[in-house]
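**Student:** Following is a predicted model, sequence given first.
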Amino acid sequence: MGRLPAAVALGSLFNPLNSSMIAVALAHIEAEFDVGIAAVTWLAAGFYLTGIVAPPLMGTLADRFGPRLVFCGGLVTMAVTGVLAALAPTYPALVVVRLLQAFGSCATMPAGMAIIQAVMPGGDGRPPPRVIATISMVLTGSAAAGPVLGGFLISVWGWRAIFLVNVPLAAVALAVALRWLPKVRVDGARGARLPRLSPGLLATCGQFALTNVAFYLAFFAVPLWAQSTVGMPAHVAGLLVLPLAGLGIVMTPVAVALAARMGMRTVLVSGAALLFGGSCVMLTAASVAPVLVASALLGVAAALGQFALNSLVFVHADRRDTGAAVGIFQASRYVGAATASALLGALFDRAGLSGGGWTMAGVSAVVLVGALLLPVRGPASGGDRSGP
C-alpha cells in the first residue's frame, strides 16, 4: 500500500470506529450519570444524525477550499474532542462534545478520497480498485472492531477511555497526513455546492443506507443481548462481533478479485445474499454459537458490499465533485445507522435479539433486490462486464 492511501486510510478510521465503539459503553455511561436508557442512546443517535449532515458539508468544503486542509482540521477536532469528552462533568456536556466529535470524524473520508481521485485516478477515471479496497478494509474493519476495542478499554480504564484513545491516534494520523498528503489545487469559483445527484449515485447511496440498517442493528443488538441477557462483561460481549471485523478485512481482496473476474454485479449480489443469510441466522439465534455464525456471514457481506458500493460512487459521480459525492455516500451510512439505533430500543425490548433479526431479514431482502437492479456502469462506461 502506498503512502497516500495509507495516510487516507489512517485518517478515515475515526468515523466508523467511534460510531461503533460506543455500543459497549452505553450501559456504563447510563449507570454513572443515571439518565436512563432512552436518554443515553442519544450518544449514538446524535452521532449518526450529525453524520447525515456533516459529510456532504465537509466534502463540499474540501472541493472548494482544499481537501488537505479539511482532512487535517478533522484530525485536530478528533484530538480536542477526545480530551473534552474524557473530562465531561455532566451528561449534557458529553452529548455536546460527542456531536462535535461527529463533525471532526466526518471530515477525513470525503477529503481524503478527493485527494486520491485527484492524484491517482485509474484508467476509467476512478481510483484503482486496490486503493478503494484498502479504504474499504479500514472502514469495515474499524467499525466492526469498535465494540472489541471499546470493551477492552472499558474493562481496564472505564468508559472515558473510549474517547481518550482518539488523542494518540489522531496525533499519529495528523503527523502522517502532514508528511504524506499532497496539496491539491481546487477551483473555488467553479466548485459546485453539491454534486449532480445522478440516479446511479442516489441508488448507490440508498443501497448503502439500507445495508447499514442491518449492520448497525447487529452491532448494537449483539453486545446488548450478551450483557443484558447472557450476563457477559463488556470486553467479552465485544468479542462476539470479532468475526465480523476479521472477515470484513480478510475478504476484501477476494471482493477485488471477484469483481475483476466476474464483474461488479456478482460482488453486489453475493454480498447482499450473505447479508440476508446472516440476518436469518440472527433471527433464530438463541445462544452464542449461532450469533458467531451470523457475525461471520455479516463480515463477508460487509467486505463485498462495502467495496462494491464504494467503487460505484466514482462511477456515478462527477470528478469535480468527488469530495461532496463521497460525503453524501458517507452520510448514507448514518441514515442507516440512525434508523437502526432508533429502532433498536423498541425491537429489543419487545422481542430481544430476534426482534432485530426480523428487521434485519426484511431490510436485507430489499438490499438483495436492489443488488439485482442497481446500475453498475456510468452512462458512457463499458468497462464492467456485468449487466446494468
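**Tutor:** Noted; the coordinates are in hand.
**Student:** Can you get me the centre-to-centre distance for the helix or strand that contains residue 291 and its chain?
**Tutor:** Taking DSSP states H and E as the criterion, residue 291 maps to helix 288-316. Remark: helix 288-316 is offset 11 Å from the chain centroid, using C-alpha atoms, centre = their mean, to the nearest Å.
**Student:** Quick one: work out the angle between the helix or strand following that helix and helix 288-316.
**Tutor:** Remark: after helix 288-316, the chain's next helix or strand is helix 322-351, criterion DSSP H and E. Angle of helix 322-351 versus helix 288-316, following axes from the mean of the first three to the mean of the last three C-alpha atoms, to 10 degrees, is 150 degrees.
**Student:** which element follows helix 322-351 toward the C-terminus?
**Tutor:** Reading on from helix 322-351 to the C-terminus, the next helix or strand found by DSSP H and E is helix 353-373.
**Student:** Let me know how buried residue 246 is, in neighbour terms.
**Tutor:** Residue 246 is flanked by 17 other residues according to other C-beta atoms under 10 Å. (Each C-beta comes from the backbone N, C-alpha and C, glycine too.)
**Student:** I'd like to check which residues are in contact with it.
**Tutor:** 141, 144, 299 (C-beta atoms under 8 Å, 6 or more residues apart in numbering).
**Student:** any idea of the pLDDT on the spatially closest residue to the first one that is not a sequence neighbour?
**Tutor:** It refers to residue 141. Distances taken as C-beta to C-beta, 6 or more residues apart in numbering put residue 249 closest to residue 141, at 4.2 Å, once the chain neighbours are dropped. What the model reports for residue 249 is a pLDDT of 81.
**Student:** residues in contact with residue 249?
**Tutor:** Applying C-beta under 8 Å, 6+ apart, one finds that residue 249 lies in contact with 137, 140-141, 303.
**Student:** so where do the helices sit in the stretch 51-200 of the chain?
**Tutor:** Taking DSSP state H, counting those that start in this stretch as the test, the helices found in the stretch 51-200 of the chain are 67-86, 91-105, 108-119, 129-157, 161-164, 166-180, 199-225.
**Student:** can you tell me which of those helices the model trusts least?
**Tutor:** The minimum mean pLDDT among these belongs to helix 129-157 (a mean of 83).
**Student:** Okay, angle between the helix holding residue 291 and helix 199-225 too, please.
**Tutor:** Between helix 288-316 and helix 199-225, the angle comes out at 160 degrees (the same axes, to 10 degrees).
**Student:** Adjust the sequence numbering to begin at 752 for everything that follows.
**Tutor:** Renumbered: residue one is now 752, and that last one reads helix 1039-1067.
**Student:** now helix 1039-1067: mean pLDDT?
**Tutor:** Helix 1039-1067 carries an average pLDDT of 89.
**Student:** For the residue nearest to residue 892, identify the helix or strand it belongs to.
**Tutor:** helix 993-1001.
**Student:** Next, the angle helix 880-908 makes with that helix.
**Tutor:** In terms of direction (the same axes, to 10 degrees), helix 993-1001 departs from helix 880-908 by 150 degrees.
**Student:** what sits up against the next helix or strand after helix 993-1001?
**Tutor:** Following helix 993-1001 in sequence order, the next helix or strand is helix 1003-1013 (DSSP H and E). Contacts to helix 1003-1013, defined as C-beta under 8 Å, 6+ apart, come from residues 880-881, 884, 887-888, 891, 1017-1018, 1021-1022, 1054-1055, 1057-1059, 1062, 1136-1137.
**Student:** Buried only: go through the residues you listed for me.
**Tutor:** Neighbour-count burial (16 or more other C-beta atoms under 10 Å) is assigned, among these, to 880, 884, 887-888, 891, 1017-1018, 1021-1022, 1054-1055, 1057-1059, 1062.
**Student:** What about residue 936, how many residues nearby?
**Tutor:** When neighbours are counted by other C-beta under 10 Å, residue 936 registers 6.
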